[in-house]
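*Asks:* Got a predicted structure here, sequence first:
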Amino acid sequence: MSQDPVANQLPVRGLTFDVRIGGPADGDPVLLLHGFPQNSLEWTGVEPLLHEAGLRTIAPDQRGYSPGARPAEAADYQVGEAADDAIALLDTLGLDRAHVVGHDWGAVAGWFAAARNPARITTLTAVSVPHTAAIADIAARDLGQRVRMSYFTLFRQRGIAETTLTALHGKVLRRMFNGSGLDEREVDQYVAPLLEPGALTAALNWYRGTHDRDFAALGPVTVPTTYVWSDGDPVVTRAAAERTAAYVTGPYRFAELAGISHWVPDQAPRELAALILDRVRQPST
């Protein structure tokens, strides 16, 4: 039943996205949205497990990561644009609905897509990043959460961030994966594409195009949702993770992974796949 993903180039909203599609052709579609500083290859360990369960996976290199989907202005990377890309990709593929799984910024795009287009999202599994209003709420009154997010200030400084992160062949970018369990080759599959001209600026524009007020203003999510948080995540506090429940009005599950860092799809693919399958198979609970 398993079918390895095949690379495609698909037109979406006037841009061209690199999209890996795999699994049985008649399987329920699962849209996999990656985060920073990764790409669609972060789902390599998860995809075959979903395929074995009969699901079809769609994993795009998102806006800024696909060379053909790299607009120049930071304003083009407001997270609502990424959410609209996700819905438009379903249109391109002729799909009315899909299960959505997102990690890091992909989770943010998933939260926005689910809140704004619930009729198009069958279920949501958000990994690492909580509902954005939840983290904004906690950050407004918890210094510890604000300190954990202080790297946003660097990433939003055009030129300075690029120079810092790419120095010595991307040494700082590579260091971000410390504790992930990934080997040098696996880290390079994420870092090397970002060292190409214009690629890192486009990826960092996700931070520059979206403002804190955008996070705080997001409404509740009504679709069946699982939020996956790992207790080794250096950015998201437990308070922000647990606060997410207040912003989901549909069926909701909070799943905690012990001893796992931020890089959940790479580090714990089996555990994550099991949680995705539980949500897909039991949308009403």
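*Replies:* Received, thanks. Numbering: from 1, shown residues only.
*Asks:* okay, CA-based contacts and neighbour counts for the rest of this
*Replies:* Fine.
*Asks:* low-confidence ranges in the stretch 1-150 of the chain?
*Replies:* Counting by pLDDT under 70, the low-confidence segments of the stretch 1-150 of the chain come to 1-2.
*Asks:* contacting residues around the residue nearest to T44 when sequence neighbours are not counted?
*Replies:* Spatial nearest neighbour of T44, excluding adjacent residues (Cα to Cα, 6 or more residues apart in numbering): D266 at 7.9 Å. Listed by Cα atoms under 8 Å, 6 or more residues apart in numbering, the contact set of D266 reads E42, W43, T44, G45, S180, L182.
*Asks:* Could you report the neighbour count for the fourth one?
*Replies:* The local packing count at G45 equals 17, with neighbours defined by other Cα atoms under 10 Å.
*Asks:* Now do the helices in the protein.
*Replies:* Secondary structure of the chain (DSSP state H): helices located at 47-52, 79-92, 105-116, 132-141, 143-148, 151-155, 160-175, 184-194, 199-209, 212-217, 238-243, 264-267, 269-281.
*Asks:* among these, which is the most enclosed?
*Replies:* Taking mean count of other Cα atoms under 10 Å as the contact definition, the stretch among these with the greatest mean neighbour count is helix 105-116, which reaches a mean of 26.
*Asks:* Next, the angle from that helix to helix 199-209.
*Replies:* Interaxial angle, helix 105-116 versus helix 199-209 (axes from the mean of the first three to the mean of the last three Cα atoms, to 10 degrees): 40 degrees.
*Asks:* Quick check: H51 touching Q3?
*Replies:* Yes. At 6.8 Å, H51 and Q3 qualify as touching, with contact defined as Cα atoms under 8 Å.
*Asks:* residues shared between the contacts of the two?
*Replies:* Counting by Cα under 8 Å, 6+ apart, the residues touching both H51 and Q3 are G22, G23, P24.
*Asks:* Okay, the last one and P48: tell me how far apart.
*Replies:* This means P24. 11 Å (Cα to Cα, to the nearest Å).
*Asks:* re earlier: can you tell me which of the shared contacts of H51 and Q3 is nearest A133?
*Replies:* G22 (33.3 Å; Cα to Cα).
*Asks:* need the contact list for the spatially closest residue to that closest one that is not a sequence neighbour.
*Replies:* Here the nearest residue to G22 in space, its sequence neighbours aside, is P5; by Cα to Cα, 6+ apart that works out to 3.7 Å. For P5, the set of contacting residues under the criterion of Cα under 8 Å, 6+ apart consists of R20, I21, G22, G23, T57.
*Asks:* Which phi and psi values does P5 adopt?
*Replies:* With angles defined as degrees, to the nearest 10, P5 shows backbone torsions of phi -60, psi 140.
*Asks:* gap between it and D18?
*Replies:* Using Cα to Cα, one gets 12 Å for the distance from P5 to D18.
*Asks:* likewise A199?
*Replies:* Counting by Cα to Cα, the gap from A199 to D18 is 14 Å.
*Asks:* Looking at the contacts of D266, which one is closest to A203?
*Replies:* Distance to A203, by Cα to Cα, is smallest for E42 among the contacts of D266, at 15.4 Å.
*Asks:* I'd guessed that closest one sits against P265; true?
*Replies:* Yes. Using Cα under 8 Å, E42 and P265 qualify as a contacting pair, with a distance of 6.3 Å.
*Asks:* Report the separation between P234 and A202.
*Replies:* With distances taken as Cα to Cα, P234 is found 24 Å from A202.
*Asks:* roughly how far is stretch 24-39 from the heart of the chain?
*Replies:* For stretch 24-39, the distance between its averaged C-alpha position and the chain's averaged C-alpha position is 10 Å (Cα atoms, centre = their mean, to the nearest Å).
*Asks:* and if you look at stretch 120-137?
*Replies:* Taking Cα atoms, centre = their mean, the mean C-alpha location of stretch 120-137 is offset from the chain mean by 10 Å.
*Asks:* Same question for stretch 20-32.
*Replies:* For stretch 20-32, the separation from the chain centroid amounts to 17 Å (computed by Cα atoms, centre = their mean).
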